[in-house]
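Undergrad: Return atomic coordinates for the entry below.
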Amino acid sequence: MVTAIILLNVERKKIKTVAEQLVDIDGITEVYSVTGRFDLIAIIRVGKDDDLAELVTDQLAGLEGILATETMIAFRAYSKHDLDRMFAIGFEK
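TA: Residues are numbered from 1 along each chain as shown. Model prediction:
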């Protein structure tokens, strides 16, 4: 499984609309509006690198109102929750 975090700068008047569109995309598990340099953070959990590439280059690129993105791929999860097990349901290894 590939986990990524995408930081997004969005046109001010379109933050809510973009957030609602993002959460409807398969592979995006959570979207947060945040303070600071970025407007939104999207958490991505997909089966493989190609799925992430398609999500970022095809689906995100088509959303109106996104000004810039920064994508980070997670190497390891440090959590009290077994995130891999929770999000691996339905994924074949």
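Undergrad: My guess is I28 contacts L55. True?
TA: Yes: using CB atoms under 8 Å, I28 is in contact with L55, at 7.4 Å. C-beta coordinates here come from the backbone N, C-alpha and C atoms, glycine included.
Undergrad: which residue packs closest to E11, ignoring adjacent ones?
TA: For E11, ignoring the flanking residues on the chain, the nearest one in space by CB to CB, 6 or more residues apart in numbering is G65 at 4.6 Å.
Undergrad: Could you check how far that neighbour is from D58?
TA: Going from G65 to D58 by CB to CB, to the nearest Å gives 17 Å.
Undergrad: who has more neighbours, the two?
TA: More crowded of G65 and D58, by other CB atoms under 10 Å: G65, with 16 against 9.
Undergrad: wait, isn't the more buried one in contact with T17?
TA: Yes: using CB under 8 Å, G65 makes contact with T17 at a distance of 6.5 Å.
Undergrad: Going along the chain, name the strands of this structure.
TA: When assigned using DSSP state E, the strands of the chain occupy the ranges 2-10, 28-33, 40-46, 66-73.
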